[in-house]
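S.K.: need a 3D model of the sequence below.
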Amino acid sequence: MCNCNANMDCPKNSIGSFAIALLLIEVVYLCLSCQFQTFQWPQPPTKALEAVPQDDLEAALSKASMPNKTVIITIVNKAYVEGDDTSMLDLFLESFWIGEGTREMADHLLVVAGDQTAYDRCIFRRLHCYKMVSEDGDMEGEKLYMSEDFIEMMWRRTLLLLHVLERGYSFIFTDTDVSWLRNPFPRLTTNLTADLQISTDKFLSSHRPEDNSINTGFYFVRSNNKTIALFQTWYAMKNNSIGKKEQDVLSDLMLKGIFRQLGLEVRALHTLYFSGFCQDSKDFRAVTTVHANCCRSISAKVADLKAVHRDWRRFKAATATNKTVTDVDAATFRWSVHAACVNSWNTPMNTVG
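M.R.: This next block holds a predicted model:
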């Protein structure tokens, strides 16, 4: 303690010490204030730290893919996801529920939406979804068979599927008007060397595609250099094929020898297993898919596919207690007549809904 009697400079020393203390307090305050301001107003991250945008198609494919990079792809638009009672998408998904060994297949289904309504409905159903983007706009509304819009939609589909192959994914493409009554992979993967296996309107005599009327509504293609070259050649024919749908162009290329030229092994699928309204399967025990082909409008397809599902349920109920169905038993089951689709061809184009 300072003794003022002995040291007359004591007040000066106290004042000096007090000044130093104030200076230290101010320095500490300024430092704390500086840190607080830095915390409140952080600098934006540099570009090097920003996340690289992920490709939407690749993200969707990777989520839906099986471990061997195989996916199931279908394409829908507003007309296929909406309906007065039941939509085409509703029936398509129902087939995965009522089919044999098909429920787990839905986990690997990628639904490609051609417009915002279809995409929103897909998301609502909690499916794997991808919205197809095009400079020409959405594909909203029903596209009547062989109309200009229908043909354009088929070509957009071909281009998208080319991009899928280029990314190394093999796939089953299935139209939404195909009912999956059994898991198709056991039938498709028995042939390990086929590059392309494709459905037919009518199976004539052999598995050579050239001997059959091929149908691009259902096919299985493996991703390799040969199939990529096929799809590139196929799509390149678009502008030189005015008025032709992509299926007809592929058929023309096939008859001109494109499969042989590219070294492709292509197999036509028998309608006993991969059937349609053009040619019904003759055996309920063998049928795998049913395609509402040879039909003109969505409303007709929905009506007749409902009948297919009723026929299938009737068969399953009748055979539930009898695991061995004889030829005689199987012969008693017949598909309902596809009356709505037959009549669809008698409806003027401008009134089909």
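S.K.: most centrally placed residue in the protein?
M.R.: In the chain, the C-alpha nearest the mean C-alpha coordinate belongs to Leu110, at 2.7 Å (Cα atoms, centre = their mean).
S.K.: all helices for the chain, in order.
M.R.: All helices of the chain, identified by DSSP state H, fall at 10-40, 56-64, 78-81, 88-98, 116-124, 148-166, 185-188, 225-236, 246-255, 258-261, 298-318, 327-331, 339-344.
S.K.: which residues are in contact with the last one?
M.R.: Put plainly, it is helix 339-344. Outside helix 339-344, the residues within contact range by Cβ atoms under 8 Å, 6 or more residues apart in numbering are Phe277, Ala292, Cys294, Cys295, Arg296, Ser297, Ser299, Ala300, Lys301, Ala303, Asp304, Val352. Backbone N, C-alpha and C define where each C-beta goes, glycine included.
S.K.: Throw the helices of the chain into a markdown table and include mean pLDDT, thanks.
M.R.: Output for the helices of the chain, formatted as a markdown table (pLDDT from 0 to 100):
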| stretch | mean pLDDT |
| --- | --- |
| helix 10-40 | 48 |
| helix 56-64 | 96 |
| helix 78-81 | 93 |
| helix 88-98 | 98 |
| helix 116-124 | 95 |
| helix 148-166 | 86 |
| helix 185-188 | 95 |
| helix 225-236 | 96 |
| helix 246-255 | 92 |
| helix 258-261 | 97 |
| helix 298-318 | 95 |
| helix 327-331 | 68 |
| helix 339-344 | 96 |
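S.K.: for Leu196, find the nearest of the ones you listed.
M.R.: Comparing those against Leu196 with Cβ to Cβ, the closest turns out to be helix 225-236 (6.4 Å).
S.K.: what helices or strands is the closest one leaning on?
M.R.: For helix 225-236, the contact count by 3 or more Cβ pairs under 8 Å, 6 or more residues apart in numbering; DSSP states H and E identifies helix 148-166, helix 246-255, helix 258-261 as packing neighbours.
S.K.: 10 Å instead?
M.R.: helix 148-166, strand 196-200, strand 214-221, helix 246-255, helix 258-261 (3 or more Cβ pairs under 10 Å, 6 or more residues apart in numbering; DSSP states H and E).
S.K.: Gly114: which of these is closest?
M.R.: Proximity to Gly114, assessed across these by Cβ to Cβ, is greatest for helix 148-166 (6.9 Å).
S.K.: how far does the closest one sit from its chain's centre?
M.R.: 13 Å (Cα atoms, centre = their mean, to the nearest Å).
S.K.: and it, what's buried?
M.R.: If you call a residue buried by 16 or more other Cβ atoms under 10 Å, then helix 148-166 has these buried ones: 151-158, 160-162, 164-165.
S.K.: do stretch 56-74 as well
M.R.: Burial within stretch 56-74, assessed by neighbour count using 16+ other Cβ under 10 Å, is assigned to Leu57, Ala60, Leu61, Ala64, Ser65, Thr70, Val71, Ile72, Ile73, Thr74.
S.K.: measure the third one to Glu104 for me?
M.R.: When you say that, I think you mean Leu61. The spacing between Leu61 and Glu104, counted by Cβ to Cβ, to the nearest Å, is 18 Å.
S.K.: what's the burial count for Ser213?
M.R.: Neighbourhood size, Ser213 [other Cβ atoms under 10 Å]: 16.
S.K.: likewise Thr271?
M.R.: By the measure other Cβ under 10 Å, the count of residues near Thr271 is 25.
S.K.: next up, the contacts around it.
M.R.: Thr271 makes contact with 199-204, 212, 215, 278-282, 287, 289-291 under the criterion Cβ atoms under 10 Å, 6 or more residues apart in numbering.
S.K.: can you check Met154 too?
M.R.: Contacts for Met154 (Cβ under 10 Å, 6+ apart) come out as Ile75, Lys143, Met146, Thr216, Lys238, Lys244, Lys245, Glu246, Gln247, Asp248, Val249.
S.K.: can you count the residues close to the last one?
M.R.: By other Cβ under 10 Å, the residues close to Val249 number 22.
S.K.: my guess is it meets Lys238, correct?
M.R.: Yes - the criterion here is Cβ atoms under 10 Å, and Val249 meets it with Lys238 at 7.7 Å.
S.K.: now do the shared contacts for the two.
M.R.: Taking Cβ under 10 Å, 6+ apart as the criterion, Val249 and Lys238 both touch Met154, Trp155, Thr158.
S.K.: export those residues to a markdown table and tack on distance to Pro186?
M.R.: Output for those, formatted as a markdown table (distance: Cβ to Cβ, whole Å):
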| residue | distance to Pro186 |
| --- | --- |
| Met154 | 29 |
| Trp155 | 32 |
| Thr158 | 28 |
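S.K.: let me know how buried Ala317 is, in neighbour terms.
M.R.: Quick note: Ala317 (other Cβ under 10 Å) scores 9 neighbours.
S.K.: still on that earlier bit, pull the most distant pair out of the contacts of helix 339-344.
M.R.: Largest separation among these by Cβ to Cβ: Phe277 and Val352, giving 16.5 Å.
S.K.: settle it for me: which of these two has more neighbours?
M.R.: Each of Phe277 and Val352 has its neighbours counted (other Cβ under 10 Å); Phe277 has more, 24 against 17.
S.K.: ok, that one - contacts?
M.R.: Applying Cβ under 10 Å, 6+ apart to Phe277 gives the contacts 177, 201, 290-295, 300-301, 304-305, 308, 335, 337-338, 340-342.
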